[in-house]
Each structure stands twice: as C-alpha cells, then as structure tokens.
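J.: Dropping the sequence and predicted coords here.
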Amino acid sequence: MSLRQFSVTLGRLASKTLSVTPLWNANGATRLMSRTSGANRAKKHKKFLKEYAKGYRGRSKNCYSIAIRRVHRAWQYAYRDRKVKRREWRKLWITRISAGSRQYNWSYSRFIPACNRSNIQLNRKILANLAGQEPFAFKAIVDVIGQEDTKNQASL
C-alpha cells in the first residue's frame, strides 16, 4: 500500500483532528505517525476569558495573563455580591414592614413574633409588598394579629 492510499484510507476512518505525517528512519524507510491537535480546548478557553474581559481598562482586555486575573477577581466579586444583594433586599423588606407596622402602633420586633403566634405564614417580602402597596390588606393583617394578641394576653 502506498503512502497516498494509506493516507486516504486513514482520512476516511479518522476524526477531523487526526493528521498523518511521514517519518523517515536512519535506513530511509518511511513510517507513519499520527498527530492530534490538542490546542483547541485551550484556545477555546482563552477566547472565552478574553470575551468575558471585554470592556476592561488597559491591558486587562487584551493580555490573557492579566485578563485571567481580572476575570477571576470579577467572579469572586459576583459570588460575594449575590449574597450581599439578598442581604440588602431583606433589610429593605424589614424597613418597609417596620414603617407599615408603626402606623398601627406596632414595632417590628413585636410585629413579627405576633405574626408567628397568630399563624400568619407570610414572608417578609410579601408583608413588605402589602405594607407599601396594599395598605388595607396590611391593616387587615394587623387587625388579625391584634385580635390574636389580645386573646393570648387574656389567656395568660
């Protein structure tokens, strides 16, 4: 089988990344060695990170070794700030509930345990939404809590 016939046969059987290179030994005889290109994954990873670094200042957007540090730091900030965002939303809900409950002479620290005692299972997000946008519904909840609280105090 000639070299040309072998490479054609091998080309049909092999994957796209396989190429055949002839090698000559000391006697002048030809043997074939297959090569695979493994750089595709690395190139793809570098391209992904460089795309992620678009919009960065200076060499951080062009130079891979600098860009990878900046991108990893950005991912650290994103991880941290996803938790901070939840914290900030909870603080906002508590502030809104506190403002709504103070209109009816309830402090937040008394209002939430009274909600739990009266078996009202609304979370802070819903209570804050009601306090801000549905004042009559929030008033009804405060009334129910007030009735339950007076019952609990009378039974003590």
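T.: Okay, I see it.

J.: For Arg117, see how far away Cys63 is.
T.: 61 Å (C-beta to C-beta, to the nearest Å). Where you see a C-beta, it was placed from the backbone N, CA and C, and this is true even at glycine.

J.: mind showing which ranges of the protein have poor pLDDT?
T.: Counting by pLDDT under 70, the chain has low-confidence residues at 1-38, 155-156.

J.: Kindly recompute the last result at 90.
T.: For the chain, applying pLDDT under 90 flags the ranges 1-46, 146-156.

J.: Strands along that one, start to end?
T.: 18-24, 30-36 (DSSP state E).

J.: Scan the chain for its longest helix.
T.: Counting by DSSP state H, the longest helix found in the chain is helix 64-102.

J.: Buried ones in it, by neighbour count?
T.: Neighbour-count burial for helix 64-102, with 16 or more other C-beta atoms under 10 Å as criterion, is recorded at 67-68, 70-71, 93, 96-98, 100-101.

J.: tell me what that helix is packed against?
T.: Packing partners of helix 64-102 (3 or more C-beta pairs under 8 Å, 6 or more residues apart in numbering; DSSP states H and E): helix 39-52, helix 108-117, helix 124-133, helix 135-155.

J.: Swap in 7 Å and give it another go.
T.: helix 39-52, helix 108-117, helix 124-133 (3 or more C-beta pairs under 7 Å, 6 or more residues apart in numbering; DSSP states H and E).

J.: Which positions in the second one come out as buried?
T.: The neighbour-count criterion (16+ other C-beta under 10 Å) identifies 108, 111-112, 114-115 as the buried residues of helix 108-117.

J.: The first one too?
T.: Of the residues in helix 39-52, those with enough neighbours to count as buried (16+ other C-beta under 10 Å) are 50, 52.

J.: got the helices and strands packed on helix 64-102 as a markdown table, with distance to Tyr79 columns?
T.: Output for the helices and strands packed on helix 64-102, formatted as a markdown table (distance: least, C-beta to C-beta, whole Å):
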| stretch | distance to Tyr79 |
| --- | --- |
| helix 39-52 | 15 |
| helix 108-117 | 30 |
| helix 124-133 | 23 |
